[in-house]
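Colleague: what's the 3D shape of this:
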Amino acid sequence: MNLAFDEDVKSLGEQLKTQHCVGGAIQRVGNHVRISVNLLDTADTTVLWSHSYDRTIDNIFELQDEIAGSIIEALTIELDPRNGKFVGIGTRNPHAYDEYLKGMQQLRLDTHSGFEAALVNFEDATKLDPRFGDAYFQSGMCYWYMSIFGLPQVEVSRKASNKFNTAMNLAYQPEIPWVELNRRIRLEERPGQSRLVSEACNAIQEHDNSWQHFYFVQLGRCLGSADFFRASLDYHNEYLRLNPGFDARLEVENDFQKLLSAIGNYDHALSFLEEKSITQPGNQKALIEKIMLKIRLGRQSEAAHEIELIRNSSVKDFIRLYNHFWDGRDLQASSIYVDIQNADDLQSRYKFWGAFLVHKFDSGFGHVQESITRGAPWFDIKLLLKSALPNSLYLKIASDNRYIEIDNKFEIDDNWRAELTEMCNKVSSLTRIRVRPDADY
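Modeller: Below is the predicted model:
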């Protein structure tokens, strides 16, 4: 008996609230693979079913369907037939799929070099299978994400649009509705906040299914950019409740976790990240945010192992600065600041966080303005500032004239907050969410 393994399985069942889990091992030699699969009862780690498969890569997709079908049979689950296919992957070319998986692994690193490498993999995947819609879509997302590293906005829009249009022409259906993707990549045409809210409220009233409930996210983002962080959290939470299992959840979950931190619910945010580390073990961004939360809560010893995992990451110096700051070692934090500012493969968020933490406001606002110029939404920047910095420091930043000028640029003032509240509350009977200032919660 392996006691450590047994406890891991039981813990997994408790955390994910599942009665069964699938485990196993994969061995690959050249074009041949051996896959050993076990179906376990998480309550007592009993092996309910097990089997080994010897195949070649060329029939890997049939093997996926066979394994899925065997597990379903072992669980005695009845499902509607779907052409005998249990695993939807978008291609039947194993080599294209291999390149796609490599690209997804690089994309999740959340670095400039990772996005560039992912684009190469996705490009190779589409050369091998020109009808691989998901690979085109992920290429478009890479271009979108790369805007935060300085890729010109017009170039981002053009390249992302081309990839998204190709995916759309192939009848690929992303979990994020096309109406939302098109709004993002045409920043220079983005309508004002009032129109965004009006579109979302109309979609709610008309029960427009093409939005796939994404109007909750759009309203949540508008509310967050107007400093209604608690109402924004309610809207994001409603979207997640209505869309269990959607791929689009990943991005919304990132904002949801930050909103929890923004309102001071750090323990809930940390629990959320702990669960995500199990369900999404390769999510580098979630790992870094979990480390930051543990540091903030004075639980550095718990984060020691996780810090070791990012020792070769470009973010390691920022984590050192963040740790020094929360330990009250301001001089040590300041000494690391220069290294962060000169790092090329580092997202702007770490640079403006670092600048504000060592009270370099000119540099901090410079990076904020640079991010906005590249196309970063004001909601995203506000949420990053509110969730990662001490509230006293955030309030000081928010009272700075440069912050107020950005609010004014986006026409965010008390008049807009009153109008936004009225518009959202007109559909409160449908959303079941009543908007009010954070102080009134």
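
Colleague: ranges for the strands of this protein?
Modeller: For the chain, applying DSSP state E gives strands covering 20-29, 32-41, 47-56.

Colleague: what angle do the second one and strand 20-29 make?
Modeller: When you say that, I think you mean strand 32-41. Relative orientation of strand 32-41 and strand 20-29, computed by axes from the mean of the first three to the mean of the last three Cα atoms, to 10 degrees: 170 degrees.

Colleague: repeat that for the last one.
Modeller: Calculated by the same axes, to 10 degrees, strand 47-56 forms an angle of 30 degrees with strand 20-29.

Colleague: can you dump the C-alpha atoms of strand 47-56 in PDB for me?
Modeller: Output in PDB follows, covering the C-alpha atoms of strand 47-56 (Å, rounded to 0.1, in the frame of the first residue of the first chain):
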ATOM      1  CA  VAL A  47      -9.300   0.300  -8.200                       C
ATOM      2  CA  LEU A  48     -12.600  -0.100 -10.000                       C
ATOM      3  CA  TRP A  49     -11.200  -0.800 -13.400                       C
ATOM      4  CA  SER A  50      -7.800  -0.800 -15.100                       C
ATOM      5  CA  HIS A  51      -6.400  -1.600 -18.500                       C
ATOM      6  CA  SER A  52      -3.200  -1.100 -20.600                       C
ATOM      7  CA  TYR A  53      -3.200  -0.200 -24.300                       C
ATOM      8  CA  ASP A  54      -0.400  -0.600 -26.800                       C
ATOM      9  CA  ARG A  55      -0.900   1.500 -29.900                       C
ATOM     10  CA  THR A  56       0.800   3.700 -32.400                       C
END
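
Colleague: direction included, what does that strand pair against?
Modeller: Here strand 47-56 is paired, per DSSP bridges, with strand 32-41 (antiparallel).

Colleague: cool, the first one as well?
Modeller: Counting by DSSP bridges, the strands paired with strand 20-29 are strand 32-41 (antiparallel).

Colleague: indicate which one of the strands of the chain is closest to residue 198.
Modeller: strand 20-29 (45.7 Å; Cβ to Cβ). All C-beta spots, glycine's among them, are computed from the backbone N, C-alpha and C.

Colleague: if we can go back for a sec, please identify the deepest-packed of the strands of the chain.
Modeller: strand 32-41 (a mean of 16; mean count of other Cβ atoms under 10 Å).

Colleague: that one: how far from the chain's middle?
Modeller: Distance, stretch centre to chain centre, for strand 32-41: 29 Å (Cα atoms, centre = their mean, to the nearest Å).

Colleague: mind saving the C-alpha coords of it as CSV?
Modeller: What follows is strand 32-41, C-alpha atoms only, in CSV (Å, rounded to 0.1, in the frame of the first residue of the first chain):
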residue,chain,number,x,y,z
HIS,A,32,4.6,3.7,-30.2
VAL,A,33,2.8,4.4,-27.0
ARG,A,34,1.7,2.3,-24.0
ILE,A,35,-1.0,3.8,-21.9
SER,A,36,-2.0,2.3,-18.5
VAL,A,37,-5.3,3.6,-17.1
ASN,A,38,-6.9,3.1,-13.7
LEU,A,39,-10.3,4.2,-12.5
LEU,A,40,-10.3,4.8,-8.7
ASP,A,41,-12.9,5.4,-6.0
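
Colleague: the residue positioned nearest the centre of the chain: what's it in contact with?
Modeller: The residue lying closest to the centre of the chain (Cα atoms, centre = their mean) is residue 251, at 3.2 Å. Each residue near residue 251 by Cβ atoms under 8 Å, 6 or more residues apart in numbering is listed here: residue 176.

Colleague: how much space separates it from residue 432?
Modeller: 23 Å (Cβ to Cβ, to the nearest Å).

Colleague: domain parsing of this structure, as residue ranges.
Modeller: 3-75, 94-174 (automatic domain parsing).

Colleague: out of those, which one sits most buried?
Modeller: Stretch with highest mean neighbour count among those: domain 94-174 (a mean of 19; mean count of other Cβ under 10 Å).

Colleague: average pLDDT across that domain?
Modeller: Averaging pLDDT along domain 94-174 yields 86.

Colleague: re earlier: residue 199: which of the strands of the chain is closest?
Modeller: Short answer: strand 20-29, nearest of the strands of the chain by Cβ to Cβ, at 41.9 Å.

Colleague: and stretch 227-236, how far from the chain's centre?
Modeller: Distance, centroid of stretch 227-236 to centroid of chain: 17 Å (Cα atoms, centre = their mean).

Colleague: how many residues are close by residue 285?
Modeller: 16 (other Cβ atoms under 10 Å).

Colleague: list the residues that contact the residue found closest to it once you drop the neighbours it is linked to in the chain.
Modeller: Nearest non-adjacent residue to residue 285, counting by Cβ to Cβ, 6 or more residues apart in numbering: residue 110, 4.7 Å away. By Cβ under 8 Å, 6+ apart, the contact set of residue 110 is 145, 284, 285, 347.

Colleague: now the residues you listed in TSV, with distance to residue 122?
Modeller: As requested, those are exported to TSV (distance: Cβ to Cβ, whole Å):
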residue	distance to residue 122
145	13
284	18
285	19
347	21
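
Colleague: from those residues, which two are the most distant?
Modeller: Pairwise distances across the contacts of residue 110 peak at 12.7 Å for 145 and 284 (criterion: Cβ to Cβ).

Colleague: which pLDDT value belongs to the residue nearest to residue 423 when sequence neighbours are not counted?
Modeller: Nearest residue to residue 423, sequence neighbours excluded (Cβ to Cβ, 6+ apart): residue 197, at 5.2 Å. Looking at residue 197, its pLDDT is 89.

Colleague: residue 197 - how many residues pack around it?
Modeller: Residue 197 has 22 neighbours, counted by other Cβ under 10 Å.

Colleague: for residue 420, see how far away it is.
Modeller: 6 Å.

Colleague: now the common contact residues for those two.
Modeller: Common neighbours of residue 197 and residue 420, counting by Cβ under 8 Å, 6+ apart, are residue 222.

Colleague: name all residues that make contact with residue 236.
Modeller: Residue 236 makes contact with 216, 217, 220, 252, 255, 256, 259, according to Cβ under 8 Å, 6+ apart.

Colleague: and if you look at residue 120?
Modeller: By Cβ under 8 Å, 6+ apart, residue 120 lies in contact with residue 103.

Colleague: just use 45 as the starting number from now, easier for me
Modeller: Sure thing, new numbering starts at 45, so read that last one as residue 164.

Colleague: tell me where the stretch 345-485 of the chain has helices.
Modeller: 360-370, 374-385, 392-401, 405-418, 422-432, 435-442, 445-453, 458-469, 472-475 (DSSP state H, counting those that start in this stretch).
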